[in-house]
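Participant: What follows is a predicted protein model with its sequence.
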Amino acid sequence: MSTVSTQESAKRTGTRGYLPIAIETLVPTSKLEFDLYIRPDRAGAVVMFRERRYPLESDDLERLGESGITTLYIAVAAHVAYRQYLNDEVINNDRVPPTQRYRVLRTANRAVFQTAFRCGNVDRMVGFAGEFGRQMTDLVCDQGLVLNDLLPLMTHDYYTYTHVTNVCTYCLVLASGLGIREEADLLDIAEGALLHDLGKRKIPPAVLNHPGRLNEEQWELVRRHPGDGFRDVCLRPDLNWGQLMMVYQHHERLDGRGYPVGLVDEEIHDWARICKVADVFDALSSDRPYRKAEPLDKVLDFLVERIGTEFDKDMVQCLRAMIKSES
């Protein structure tokens, strides 16, 4: 059995051809179906940590944590086996606490999202949203998790992946709180939430991460993202009208002062209204390039003050009640 103690005699390999995986995505198992590698120092190559077919024990993971090691590596060719391990041993394993499964799900899917988002492949983005949305729905809606179980696990920055996973979580919790119980509807809402900022992939990173106030040209680029996203997916038979409206209408306001069209009241789809509340709640409660996150009470006050102009009353009151009742 290969362990950290055998590193000196292990054959050294280059880092090329290996994928980093977060240790927090691993749980003890009786047998691994892929080799695990470790990188003893940031400048060095990877070495064998644990060969496939051998168990991974809790003591192994504890020693890594005590050493300050947060990342292991797998061969690129082992990514399918790793994904299967995550599904079987973690995400769909009832013996693993739901909160841990939620955290692992978010961590494990970051690279998949970033690859699909950056390459601009809409098919890959929709495929990601379908699979990840189903897993999120199963965890958030079927495991009895409440919002305050999830808040400590949600990274509150404004990077696109973190933002869309947070918005997906809030949309699911809010939809369930509003009485939406059909699994098919919840799955569709989760997928729509994960796709709602699809059009942002056409915005230059320098604009998305701009540390100050945007000029008119930059702001126009941002305002185009709902329409850009909608045009990319509007003819897809695998997305329904509600999902398309989450992409297209999540920046509309009830008073007609939103964008890209300036719709009012009932012209805005219910799922888009849910997405708007979730989107703004996460935006204000997250660190952004030009300001720090606001306290939750202040964010809730902001939403309540704009009921009827920007936000739907029932949705804001539902979200506020869930957070207040659990705190």
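Facilitator: Yep, it's here. Residues are numbered from 1 along each chain as shown.
Participant: which non-adjacent residue is nearest the residue nearest in space to the middle of the chain?
Facilitator: Taking Cα atoms, centre = their mean, the centroid of the chain lies closest to Thr165, which sits 2.4 Å from it. Spatial nearest neighbour of Thr165, chain neighbours left out: Arg106 (5.4 Å); criterion: Cβ to Cβ, 6 or more residues apart in numbering. C-betas here are computed from N, CA, C, even on glycine.
Participant: quick one: contacts for the one you found?
Facilitator: By Cβ atoms under 8 Å, 6 or more residues apart in numbering, the residues touching Arg106 are 153-155, 165.
Participant: Report pLDDT for it.
Facilitator: As predicted, Arg106 sits at a pLDDT of 91.
Participant: Quick check: phi and psi on it?
Facilitator: Backbone dihedrals for Arg106, given as degrees, to the nearest 10, come out at phi -60, psi -50.
Participant: unless I'm mixing things up, the residue nearest to the centre of the chain is touching Leu194, no?
Facilitator: Yes - using Cβ atoms under 8 Å as the test, Thr165 is close enough to Leu194 to be in contact (7.4 Å).
Participant: Flag the shaky bits of the stretch 1-150 of the chain, pLDDT-wise.
Facilitator: 1-15, 144 (pLDDT under 70).
Participant: where do the strands sit along it?
Facilitator: Using DSSP state E, counting those that start in this stretch, the strands of the stretch 1-150 of the chain run over residues 18-22, 36-38, 47-50, 71-75.
Participant: Measure how buried Gly242 is and give me the count.
Facilitator: Around Gly242 sit 17 other residues, with neighbours defined as other Cβ atoms under 10 Å.
Participant: check contacts around it.
Facilitator: Neighbour list for Gly242: 188-189, 192, 269-272 [criterion: Cβ under 8 Å, 6+ apart].
Participant: Put the buried members of these into a ChimeraX selection.
Facilitator: Restricted to buried positions by 16 or more other Cβ atoms under 10 Å, the ChimeraX selection for those reads:
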select :188,189,192,269,270,271,272
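Participant: on that earlier part again, as JSON lines, the contacts of Arg106 with secondary structure would be great.
Facilitator: Compiled in JSON lines, those are given as follows (DSSP: H, G, I helix; E, B strand; the rest coil):
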{"residue": "Leu153", "secondary structure": "helix"}
{"residue": "Met154", "secondary structure": "coil"}
{"residue": "Thr155", "secondary structure": "coil"}
{"residue": "Thr165", "secondary structure": "helix"}
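Participant: Glu294: what's its closest spatial neighbour, skipping adjacent residues?
Facilitator: The spatial neighbour of Glu294 that comes closest, neighbours along the chain excluded (Cβ to Cβ, 6+ apart), is Leu284 at 5.0 Å.
Participant: Could you measure from that neighbour over to Ser325?
Facilitator: As judged by Cβ to Cβ, to the nearest Å, Leu284 and Ser325 stand 20 Å apart.
Participant: The two: which is more packed in?
Facilitator: Using other Cβ under 10 Å as the criterion, Leu284 and Ser325 rank with Leu284 on top: 19 against 10.
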